[in-house]
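Engineer: structure for this input, please:
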Amino acid sequence: MLNLGVPRKHKQGLVASMLLRQYTTNTNQPNEKTNLTTDANANEPKKEDATANNENTKHKNKPEEEQQHWIHRPTKDELLAAASGALERLKIRFKWTMIRQVRPFNMDDISAMFSWILVGNLLWILLGTTTFCSLVLFTMNTVSAQDYFARKVGDLLTRETGITVVFENAIVPHWKDGVISLRNVFVSRRPGSSKVQYRVQKGSQAIAAAAAKAGAAEPVINEDDDGNYTQFDLTIDCISVTLSLRKWMDGKGILQDVEVKGVRGLVDRRHVRWNPDDDPTKYKNVHVHGDFEIDSFKLEDALFTLYQPGADKPFDVSIFNCDLPQLRKHWLFYDILSANNMSGSYDNSLFTIHPRQLTTRPFDDNEPSPWKKINRLRIDGVDIKHLNRGVDGPFGWIESGNVDLLADVMLPEDAEQFKFTEVMEDIVERWEANLSRRDKNGREMVTKVEERAREKEAHKYIVIDLRVQLNNTRAAVPIFTSDLTYINNALIRPIVAYINSRDTYIPINCRVVKRLTDFEGSWTIYDSELMDDVSAEVYEAFAKNVADDEARALRMRKVGFWSVQFAAQLLLLSLGALA
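Structural biologist: Numbering: from 1, shown residues only. Next up, the predicted model:
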């Protein structure tokens, strides 16, 4: 009897041996059809015996290789039928699925399965990071394990921020939505918070908020942390995130989508100090590898109290709904201007950001639009004190009143889609530049790719059509005007007189053009120098309005003089006619 490679000490070997004996016996007999015919037709034994003898004679004449090929190999169904128990059938099914045999696994089979499992899990982690982390959380279904995992994830997400995070419930995976959620979260940034052993910890949200409030009332003396930054204590109902290992490997942060709901608390900027002579552009964010670039950010139901430096009293800031197509740390202010929609209130003044709607097409069908999006920013009745604090120009001269602001922000297109040939050309140019990176004088060479990139960025602009309406404003002549030239200084008094002469409202229309690169690393309206440009354009609009008003007054005087002269001539002609 031949051995098929199945050890006899295993039960699979016994099963295979039994089947082998059965089919070996069948090789020395006629086929099944002949046997069935013989049993059914017992009256014709001679004919069937002759047929069987002929078949045996044919098999004896065949070569040895053909006789071995005649031996039937057991199939899966035959092995399952001969198995003695459920465990044996399970083993047969597993081996048949993996190697289509019932022999023991060799090193080639084990290495192939290990490679398949390793590559499959790597692809799973890379493409479905959130699902993988959710499964890990579901597997680690103990309080201590969840707290440990939450602490490690929080340390990874807030390593460079120094923010204290306290949560009541552990991280919960939501299989239906495909997100990971943190509920009842308290986020705080105060002097000394970076010295906490674990910045992410579990505890009561109310107790943490009360402790932060008590700690904020007491002055903290810390040589390493002077507190010269925006401090806050916020409670959040729910934070839902999706993770992406691919983004993290690209240096764009591990967060892919973020949704925040139910924000309450306070933001304290009373400790922020700066030198008025400092250049605000030096406070821009410096891009580092790992800065977050969130693909989608949503915020709902946010309300906090804002304390401004030098302000008389705090005021409330509310965000009803916010939907950003992307939120990048290095382009924070620009991404806010690019919002799909945002609505809220700033000191009881409603504001909205939404795409502008037109009754007609703004561009011809044959001509592509030069703008990616045109957003409309509207603020109704904002107090002038929120605009003139620390600002030079007309806004700084106005002491009281409120402003209605309407701005159409035209955002340029993103990076153009390069063709395959252009991409290959850029790769070749960069490769050649790396081979000869420095010339003989030691100066770095600039490739054509870098030149083209700089030219494209330099030719991208943001255009803002601004319409400002000043309501019930009163202005005063500034004491120091060193920022203005002699000619512009001479227009201060006419502008102030023009503002004070209008008891109802003053309409102003102007256009601000900014380079896209001015918003790189910008977080506020000041470090992007947008406020300075707006103030300069408003000054020019005021000067134009004053000139128009003076020209109008001159025309009125001329018309009045002509009317008096014409009336006098009519009177003299009438007297002459009567005489």
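Engineer: show me what the strand or helix carrying residue 406 pairs with in its sheet, parallel or antiparallel.
Structural biologist: Element membership for residue 406 (DSSP states H and E) is strand 398-412. The partner list of strand 398-412 in its sheet, established with DSSP bridges, is strand 371-383 (antiparallel), strand 461-475 (antiparallel).
Engineer: wait, which of the ones you listed is closest to residue 247?
Structural biologist: Checking the strands paired with strand 398-412 against residue 247 by Cβ to Cβ gives strand 371-383 as the closest, at 22.2 Å. (C-beta placed from N, C-alpha, C; glycine too.)
Engineer: re the thing from before, which of the strands paired with strand 398-412 sits closest to residue 559?
Structural biologist: With Cβ to Cβ as the criterion, residue 559 lies closest to strand 461-475 of the strands paired with strand 398-412, at 28.3 Å.
Engineer: which parts of that closest one are buried?
Structural biologist: 462, 463, 464, 465, 466, 468, 469, 470, 473, 475 (16 or more other Cβ atoms under 10 Å).
Engineer: follow-up on the earlier one: convert the strand holding residue 406 to CSV, retaining C-alpha atoms only.
Structural biologist: As requested, the backbone C-alpha atoms of strand 398-412 are provided in CSV (Å, rounded to 0.1, in the frame of the first residue of the first chain):
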residue,chain,number,x,y,z
ILE,A,398,-14.2,106.4,16.4
GLU,A,399,-15.1,106.3,20.1
SER,A,400,-18.8,105.2,20.0
GLY,A,401,-21.3,103.6,17.7
ASN,A,402,-21.9,100.3,16.0
VAL,A,403,-21.0,98.8,12.6
ASP,A,404,-22.8,96.7,10.1
LEU,A,405,-20.3,94.8,8.0
LEU,A,406,-20.8,92.8,4.8
ALA,A,407,-17.8,91.2,3.1
ASP,A,408,-17.6,89.0,0.0
VAL,A,409,-14.5,86.9,0.3
MET,A,410,-13.2,85.5,-3.0
LEU,A,411,-11.0,82.5,-2.4
PRO,A,412,-8.5,81.3,-5.1
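Engineer: buried set for that strand?
Structural biologist: Neighbour-count burial for strand 398-412 [16+ other Cβ under 10 Å]: 398, 401, 402, 403, 404, 405, 407, 408, 409, 410, 411.
Engineer: equivalent analysis for stretch 377-394, please.
Structural biologist: Within stretch 377-394, the residues scored as buried using 16+ other Cβ under 10 Å are 377-379, 382-388, 391-394.
Engineer: try stretch 499-517
Structural biologist: For stretch 499-517, the buried set under the neighbour-count rule, 16+ other Cβ under 10 Å, comprises 499, 506, 508, 510, 512, 514, 516.
Engineer: how much space is there between the residue nearest to residue 330 when sequence neighbours are not counted and residue 425?
Structural biologist: Spatial nearest neighbour of residue 330, chain neighbours left out: residue 287 (4.6 Å); criterion: Cβ to Cβ, 6 or more residues apart in numbering. As judged by Cβ to Cβ, to the nearest Å, residue 287 and residue 425 stand 27 Å apart.
Engineer: which SS state does the nearest residue to residue 281 once chain neighbours are set aside fall under?
Structural biologist: Taking Cβ to Cβ, 6+ apart as the measure, residue 281 lies nearest to residue 527, with 5.9 Å between them; neighbours along the chain are not counted. Counting by DSSP: H, G, I helix; E, B strand; the rest coil, the backbone at residue 527 sits in coil.
Engineer: just residue 287 next, same as before
Structural biologist: Residue 287 carries the three-state label coil when classified by three-state DSSP.
Engineer: which residues touch it?
Structural biologist: By Cβ atoms under 8 Å, 6 or more residues apart in numbering, the contact list for residue 287 reads 329, 330, 521.
Engineer: got it, and residue 272?
Structural biologist: Applying Cβ under 8 Å, 6+ apart to residue 272 gives the contacts 228, 229, 230, 309.
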